[in-house]
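Chemist: Turn this into a structure:
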Amino acid sequence: MTKIGFNVLAWSANVSEDLYPIIERLKKTGYDGVEYFVGSEDIKNYKLVGDRSRELGLEVTCVTVVSPDANPVSDDSKIREKGLDRVKWAIDRTHEIGGSILCGPFHSAHAHFYGRPATADELKWSAENMHSAGQHAQQAGVTLALEALNRFECYLVNTMADLAKLVKEVNHPHVRAMFDTHHSNIEEKKYAAAVNDIAPYLEHVHISENDRGTPGSGHIPFDDAFAALKSINYDGWLTIEAFSRSDPDFANAINVWREYDDAWDIAEKGLKFIQEMSAKHGLK
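Modeler: Got it, this is the predicted structure:
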């Protein structure tokens with residue numbers, strides 16, 4: 001049965017007790033789960049926030065990225081090793097906060113380019129690194145859900161076909177894939193074909209509007225997306241990922257320069273929109 005989550009990046013990239021009023025209201029709003037960004041170095045807070053989430057009856061998923069100095073596809077083997085260590089660190093924090101899924105584009109450094117397409121060596125290095133990360137995730141009880149990003153944020157994997165090829169090459173049961181309606185709106189011809197491409201590996205879904213505001217308020221073809229998910233009988237998370245300038249450092253890092261919608265407007269109207277679309281398309 002599908003579950004609906006909300007990513008608190010709409011308020012903050014930090015994991016701390018400051019999030020308590022937000023997750024308490026998300027629970028009251030009707031969410032099944034909450035998604036946290038794994039990046040804060042204050043390790044003790046992951047367990048504290050995870051404990052509070054469980055007390056509220058909220059399940060947890062996580063998302064993370066890696067930086068160029070820990071790039072899993074660097075031609076420098078020491079940097080690749082640092083990349084694997086960073087992903088293992090994020091897996092450990094996901095375990096501490098009680099998360100079952102760690103998603104994101106950590107197959108390569110976020111928004112880092114060399115002015116050329118991906119090479120065969122880079123795809124091989126990424127697959128090797130993600131296989132090792134999968135072994136670490138398996139012992140922690142975490143499943144990795146790799147993400148394809150649009151061409152302005154990533155060059156290694158942009159489409160569901162690219163991502164399916166990488167996950168197949170990784171060949172580990174704890175390394176799977178996610179589908180994001182925002183990135184696919186930029187890179188895919190049709191949602192139906194994209195979802196079909198990734199169906200054998202699909203573990204997680206981000207519901208995100210074209211401008212990162214309230215789902216249903218923009219021009220994402222959500223009827224196509226939900227119909228495609230129904231066609232493969234998807235029964236995992238439908239998690240809203242939206243952005244704002246509430247956390248200026250994070251907003252500046254991802255080129256968010258204006259407010260798209262009020263964060264609580266996104267949370268409240270977004271939940272209702274997903275419930276209505278799920279019912280319309282028979283997604284259970």
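Chemist: going forward, measure contacts and count neighbours with C-alpha atoms only.
Modeler: OK.
Chemist: in the helix or strand where residue 162 lies, what's buried?
Modeler: Element membership for residue 162 (DSSP states H and E) is helix 160-170. By 16 or more other Cα atoms under 10 Å, the buried positions in helix 160-170 come out as 160-161, 163-167, 169-170.
Chemist: Run through the neighbouring helices and strands of that helix.
Modeler: helix 120-140, strand 175-180, helix 191-198 (3 or more Cα pairs under 8 Å, 6 or more residues apart in numbering; DSSP states H and E).
Chemist: Could you pull up the mean pLDDT of that helix?
Modeler: In this model, helix 160-170 carries a mean pLDDT of 98.
Chemist: again, but for stretch 181-193
Modeler: Rounded mean pLDDT across stretch 181-193 is 97.
Chemist: same deal with stretch 233-241?
Modeler: 97.
Chemist: Buried residues, that stretch. List them.
Modeler: Those would be 234-241, for stretch 233-241 by 16+ other Cα under 10 Å.
Chemist: Contact partners for residue 122?
Modeler: 73-75, 156 (Cα atoms under 8 Å, 6 or more residues apart in numbering).
Chemist: if we go to 6 Å?
Modeler: residue 73 (Cα atoms under 6 Å, 6 or more residues apart in numbering).
Chemist: how close does it get to residue 282?
Modeler: Distance check for residue 122 against residue 282: by Cα to Cα, to the nearest Å, it reads 40 Å.
Chemist: Kindly report the same for residue 28.
Modeler: Distance from residue 28 to residue 282, by Cα to Cα: 25 Å.
Chemist: Among these two, which residue is more densely surrounded?
Modeler: Taking other Cα atoms under 10 Å, residue 28 and residue 282 do not tie; residue 282 has more neighbours (14 against 10).
Chemist: so who does that one touch?
Modeler: Neighbours of residue 282 in contact, by Cα under 6 Å, 6+ apart: none.
Chemist: Name the helix or strand for residue 101, please.
Modeler: Under the assignment here (DSSP H and E), residue 101 is part of strand 99-104.
Chemist: Repeat that for residue 61.
Modeler: strand 59-63.
Chemist: Please identify the buried residues of the next helix or strand after that strand?
Modeler: Remark: after strand 59-63, the chain's next helix or strand is helix 77-97, criterion DSSP H and E. Within helix 77-97, the residues that qualify as buried are 79-97, counting by 16+ other Cα under 10 Å.
Chemist: repeat for stretch 259-275
Modeler: 260-261, 263-264, 266-267, 270-274.
Chemist: which residues are contacting it?
Modeler: 213-215, 244.
Chemist: Adjacent strands (with direction) for the helix or strand where residue 34 lies?
Modeler: Assigned by DSSP H and E, residue 34 falls within strand 33-37. In the sheet containing strand 33-37, its partner strands are strand 3-7 (parallel), strand 59-63 (parallel), by DSSP bridges.
Chemist: ok so, going back, identify whichever of the helices and strands packed on helix 160-170 lies nearest to residue 23.
Modeler: Nearest to residue 23 among those is strand 175-180 (22.6 Å), distances taken as Cα to Cα.
Chemist: can I get the CA coordinates of the closest one in CSV?
Modeler: As requested, the backbone C-alpha atoms of strand 175-180 are provided in CSV (Å, rounded to 0.1, in the frame of the first residue of the first chain):
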residue,chain,number,x,y,z
VAL,A,175,20.7,-0.8,-4.4
ARG,A,176,17.5,0.3,-6.2
ALA,A,177,16.1,3.4,-7.9
MET,A,178,13.8,6.3,-7.4
PHE,A,179,11.6,8.3,-9.8
ASP,A,180,11.2,12.1,-9.5
